[in-house]
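Undergrad: need a structure here:
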Amino acid sequence: MQLTAFYTDSFHGVLAMYLPRALETQIRRTSEIFPVVLVTGPRQVGKTTVLQEIAEPGRAYYDLDDPETLELARTDPYQFFQKHPPPMILDEIQVAPQLLKHIKVMVDRDRRPGQFWLTGSQQFHMMKGVTESLAGRVGILDLFGMSQRELDGRAADVLPFLPRSYEEYVSSPVSKASGDLFARIWQGSFPAALALDETGWKRFFESYMRTYLQRDVRDLLNVGDLLSFEHFMRALAARTGQLLNLAECARDAGIAPNTAKSWLSVLVASGIVLLLEPYHTNLTKRFVKTPKMYLLDTGLCSYLTGWLSPMTLERGAMAGAMFETHVVSEVLKSYSNAGEHFPGHFYRDHGQREIDLVLHRNGTLYPIEIKKTASPHRESVSAFSSLDAFGMPIGPGAMICLADRIVPLSANVTAIPVSMV
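TA: Coordinates of the predicted model:
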């Protein structure tokens, strides 16, 4: 299986057609308000590409991974900005944090919006520097991998996902996803991996682990045993969509629990892993407190768990967990691309009543069940009534599944195709 190439593949040096990104709107709006715009996210999700694509004439681009540029930025920031005045794009700002204080001085003298567009991947150190140096002067946006809306040419649809009533669904057209769903899940969302065959896909993720993740983690945590780190990531990938059991992951990787906790915190801060917290209030005590863990890119997750083709993934034991991971990731992207905080939680009580995803928005709870089935049943959403115990307004609920049509399951719950996320 091979998808059509439509991206800038900086990983392999191949230039192909650019597909618009949903975050473009938020970048432009933020640039009209703040002197500095920072786009963060994992490596290889397209941060540089989108900024270069939408930059106006006269906005220069400087790659801080370039040794000559980096040397000047680190040793003489003042001269760097004398030679390179804004407006500009500074790529990988975390490698030259010395520039942040000089940017602060410059924007305090001149508050014109949109002077500096920054990208960064290592959020731990970078965000500390940004918070200390540019508070009140910077608008921060998160970019993840390609969403299915973007892949289907619907980047202009920037409304964050929220379940609707059956009547609202039937009055709008059903979005039809192009291509095979599990091929898309297996391929993942890194732009550079989307047009690769199975051999190229495997080589991409081998290189991604070696060149990007391992380099970043080594810089941040001084990891000496990279093989143990890879084992740790494989242990996490095998448990995507499950309650986090850090002790088991540490045991599988042969590392101490405190080491596992430190490594996990970096993967979360870097946008590789999502910890979905349980929803609860002080009024409800019989709930599970442990978060659920998702390895957000399903392509990386497939690689780490050894599913080397879409067919083996779809027929394998992890198909359900990978489908759930895909849906949660897509819902998350719908909020980040709209410039909004992701309001997601899950619910599970000690009676094993579980709701895969609960969106808490504007004082209302929206329950979502995620099922790898083409035949949705009302019994699958029986746990939704558990939310009544919170005493809060309950909005429409949804079951996101493999059905090819909209199906009412109850007066307030609708089964919808995954393509409508």
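
Undergrad: now for Arg353: which residues touch it?
TA: By C-beta atoms under 8 Å, 6 or more residues apart in numbering, the contact list for Arg353 reads Tyr347, Ala383, Ser386. C-beta here means a position set from N, CA and C on the backbone, and glycine is covered the same way.

Undergrad: just say helix, strand or coil for the residue most central in space within the chain.
TA: When the chain is reduced to its mean C-alpha position, the nearest residue by C-alpha atoms, centre = their mean turns out to be Phe144, at 3.9 Å. Secondary structure state of Phe144, per DSSP: H, G, I helix; E, B strand; the rest coil, is coil.

Undergrad: likewise for Ser133?
TA: Criterion first, three-state DSSP; result for Ser133: helix.

Undergrad: scan the chain for its longest helix.
TA: Looking across the chain with DSSP state H, the single longest helix is helix 319-336.

Undergrad: what's the helix or strand just after that one packed up against?
TA: Using DSSP states H and E, the next helix or strand after helix 319-336 towards the C-terminus is strand 344-348. Using 3 or more C-beta pairs under 8 Å, 6 or more residues apart in numbering; DSSP states H and E as the contact criterion, the elements in contact with strand 344-348 are strand 273-276, helix 319-336, strand 354-361.

Undergrad: buried residues, the second one. List them.
TA: Just to be clear, that refers to helix 319-336. 319, 321-336 (16 or more other C-beta atoms under 10 Å).

Undergrad: relative to Tyr166, how far out is Lys326?
TA: Just to correct that, residue 326 is His rather than Lys. Look at His326 and Tyr166: by C-beta to C-beta, to the nearest Å, they are 24 Å apart.

Undergrad: now Ala193
TA: Separation of Ala193 from Tyr166 (C-beta to C-beta) stands at 37 Å.

Undergrad: which of the two has more neighbours?
TA: Neighbours per residue (other C-beta atoms under 10 Å) separate Ala193 from Tyr166, with Ala193 holding more: 27 against 19.

Undergrad: who are the packing partners of the longest helix of the chain?
TA: Contact partners of helix 319-336 among helices and strands, from 3+ C-beta pairs under 8 Å, 6+ apart: helix 181-187, strand 273-276, strand 292-295, helix 298-304, strand 344-348, strand 354-361, strand 364-370.

Undergrad: kindly reformat those as a markdown table containing mean pLDDT.
TA: A markdown table is the format used below for the helices and strands packed on helix 319-336 (pLDDT from 0 to 100):
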| stretch | mean pLDDT |
| --- | --- |
| helix 181-187 | 96 |
| strand 273-276 | 97 |
| strand 292-295 | 98 |
| helix 298-304 | 98 |
| strand 344-348 | 95 |
| strand 354-361 | 97 |
| strand 364-370 | 98 |
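
Undergrad: mind putting the ones you listed in TSV, distance to Leu72 included?
TA: Below are the helices and strands packed on helix 319-336 laid out as TSV (distance: least, C-beta to C-beta, whole Å):
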stretch	distance to Leu72
helix 181-187	39
strand 273-276	35
strand 292-295	38
helix 298-304	35
strand 344-348	43
strand 354-361	46
strand 364-370	50
